[in-house]
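Student: only geometry, no sequence info:
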């Protein structure tokens, strides 16, 4: 789409010359002979760039610029001023103008400055679009849920994001979304414009991890043909995410501890300290306290990492999020694979609620992706899920309950009631023992208490 340019110049001949040149370059061009006329055009129509003379009748170019900044702060403005006095142009730059041209200027110079300004603006818009796209995609990637457990995680993300340097430890089973939480903390923080660098400590051989993290000097070892900057240097100003931190060999841990305590380190073979500004986010699916007891992890490093801890709940501990997340993944896969799956059958939904999801949200996402690819109907049915069957306790009469809205199965039961009956049958099977019931359902006691309160039985 062609850009629209407004030429604001009270010299009729110069105004016409500039307009003709811009038209030949393929732009839509409008003209104005005064500041008042220019502002009227800007308020009424879409303008991409303004060529604005500083010396105008009645309202000066600087006054017009100030008003443009109020009306459209992102609008590109290039000032035009006389060669004899460049001071107003410098003032204009401080007030938000993109650039300036000194009269008399070459037409090629005019074309170059305009093209550069429009390209810069286009790139800014593209960056903004990609950021918005990333923001919109974030819920689809798994950091989503309406349960109290997930809302607590999201609340902690907001609190931590507002701190500048606080280190964070993310704990939870594989597939619970630890990397997504790290992404969310970085994206919501003042470091969002700086690098977010990730490294899996278990995926890199022990003898290479130190050089990856801290770099090395030329000649530090046989293969060090030149100086290499490590990931900590590359992450300066931003965030570094250390996944599976429990896999880091204990001989390397003091160097990480030094970074946490003093924000300094030395490259391998280096003789001087390098100061960096990074937030460290570490993640583990292991019990680090047990690793400390076994002599595999330094206790002082654990305490430095645990300034803020976020525990990611297993999916079985917040089953109320399973179906809403499944709906979200289906919508995502519909767009990606050009499908039109409308939802999940009641039988498939019941199977999903019974299943314990050992792979957590990652497994749920993968199961739904495969099901959407294989589905030939309007809804996903049990055979498409390929889930291991779960043995259910013998059916016993359940107390009457008010029905809630939702998908119904062939017998007219809502999904909420199916879940309720399953919980109550299990509770009766274990003679109202809440600990054994929660264990059998693969949920926490607190989740069970919330559900019983919801059923009016707590």
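Tutor: All right, it came through fine. Source: prediction; values computed, not measured. Residues are numbered from 1 along each chain as shown.

Student: and stretch 169-184, average pLDDT?
Tutor: Across stretch 169-184, pLDDT averages out at 94.

Student: can you give me the strands in the stretch 201-350 of the chain?
Tutor: Counting by DSSP state E, counting those that start in this stretch, one finds strands in the stretch 201-350 of the chain at the ranges 215-216, 228-229, 239-243, 264-265, 274-275, 279-284, 308-311, 343-344.

Student: Switch those strands over to a markdown table; also include mean pLDDT, mean neighbour count and distance to residue 69.
Tutor: All C-beta atoms are positioned from the backbone trio N, CA, C, and that covers glycine. Below are these laid out as a markdown table (pLDDT from 0 to 100; neighbours: other C-beta atoms under 10 Å; distance: least, C-beta to C-beta, whole Å):
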| stretch | mean pLDDT | mean neighbour count | distance to residue 69 |
| --- | --- | --- | --- |
| strand 215-216 | 90 | 23 | 44 |
| strand 228-229 | 86 | 15 | 40 |
| strand 239-243 | 96 | 23 | 33 |
| strand 264-265 | 93 | 16 | 42 |
| strand 274-275 | 90 | 14 | 38 |
| strand 279-284 | 97 | 25 | 34 |
| strand 308-311 | 95 | 15 | 40 |
| strand 343-344 | 94 | 20 | 49 |
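
Student: just so I know, which of those strands lies nearest residue 91?
Tutor: strand 274-275 (37.4 Å; C-beta to C-beta).

Student: hmm, who's touching that closest one?
Tutor: Contact partners of strand 274-275, identified using C-beta atoms under 8 Å, 6 or more residues apart in numbering, comprise 233, 263, 264, 265, 266, 267.

Student: Quickly run through the sheet partners of that strand, with directions.
Tutor: Partner strands for strand 274-275, per DSSP bridges, with pairing direction: strand 264-265 (antiparallel).

Student: what's in contact with the strand it pairs with?
Tutor: So strand 264-265 is contacted by 214, 232, 255, 258, 259, 273, 274, 275, 276 (C-beta under 8 Å, 6+ apart).

Student: Need the nearest residue in space to the last one, chain neighbours excluded.
Tutor: What that stands for is residue 276. Excluding the flanking residues, the one nearest residue 276 by C-beta to C-beta, 6 or more residues apart in numbering is residue 236, at 5.0 Å.

Student: residue contacts, that neighbour?
Tutor: 194, 195, 276, 277, 278.

Student: How about residue 269?
Tutor: Contact analysis of residue 269 by C-beta under 8 Å, 6+ apart lists 216, 217, 218, 219, 220, 221, 224.

Student: Tally up the residues packed near the fourth one, please.
Tutor: Residue 219 sits with 11 neighbouring residues when counted by other C-beta atoms under 10 Å.

Student: can you tell me how far it sits from residue 225?
Tutor: 9 Å (C-beta to C-beta, to the nearest Å).

Student: mind giving me the domain split of the protein?
Tutor: Split into domains by automatic domain parsing, the chain comes to 4-133, 144-313, 315-391, 392-458.

Student: Can you give me the end-to-end span of the second one?
Tutor: When you say that, I think you mean domain 144-313. Taking C-alpha to C-alpha, to the nearest Å, domain 144-313 runs 12 Å from one end to the other.

Student: could you pull out the strands for the stretch 351-458 of the chain?
Tutor: Counting by DSSP E, counting those that start in this stretch, the strands of the stretch 351-458 of the chain are 379-380.

Student: just for it, where's the confidence low?
Tutor: 389-415, 442, 458 (pLDDT under 70).

Student: what sits against the nearest residue in space to residue 327 that is not next to it in sequence?
Tutor: Nearest non-adjacent residue to residue 327, counting by C-beta to C-beta, 6+ apart: residue 343, 6.9 Å away. By C-beta under 8 Å, 6+ apart, the contact set of residue 343 is 327, 330, 378, 379, 380, 407.

Student: Can you tell me who the fifth one pairs with across the strands?
Tutor: Meaning residue 380. Assessed by DSSP bridges, residue 380 has beta-bridge partners residue 344.

Student: pretty sure it is in contact with residue 373, am I right?
Tutor: No - contact criterion C-beta atoms under 8 Å: residue 380 and residue 373 do not qualify, at 10.8 Å.

Student: Looking at the two, which one has more neighbours?
Tutor: It is residue 380, of residue 380 and residue 373, that has more neighbours when counted by other C-beta under 10 Å, with 24 against 12.

Student: Pull the contacting residues for that one.
Tutor: So residue 380 contacts 330, 341, 343, 344, 345, 348, 368, 371, 372 (C-beta under 8 Å, 6+ apart).

Student: Relative to residue 255, how far out is it?
Tutor: 49 Å.

Student: What of residue 56?
Tutor: 63 Å.

Student: neighbour-wise, which of these two wins?
Tutor: Higher neighbour count among residue 56 and residue 255: residue 56, with 22 against 16, using other C-beta under 10 Å.

Student: Who are the contact partners of that one?
Tutor: Counting by C-beta under 8 Å, 6+ apart, residue 56 has contacts 8, 10, 34, 35, 64.

Student: With adjacent residues omitted, what lies nearest to it?
Tutor: That would be residue 35: by C-beta to C-beta, 6+ apart, it lies 5.0 Å from residue 56.

Student: And residue 46, by the same measure?
Tutor: Nearest to residue 46 is residue 4, by C-beta to C-beta, 6+ apart, at 5.9 Å.

Student: pretty sure residue 310 is touching residue 156, no?
Tutor: Yes - with contact defined as C-beta under 8 Å, residue 310 reaches residue 156; the gap is 5.2 Å.
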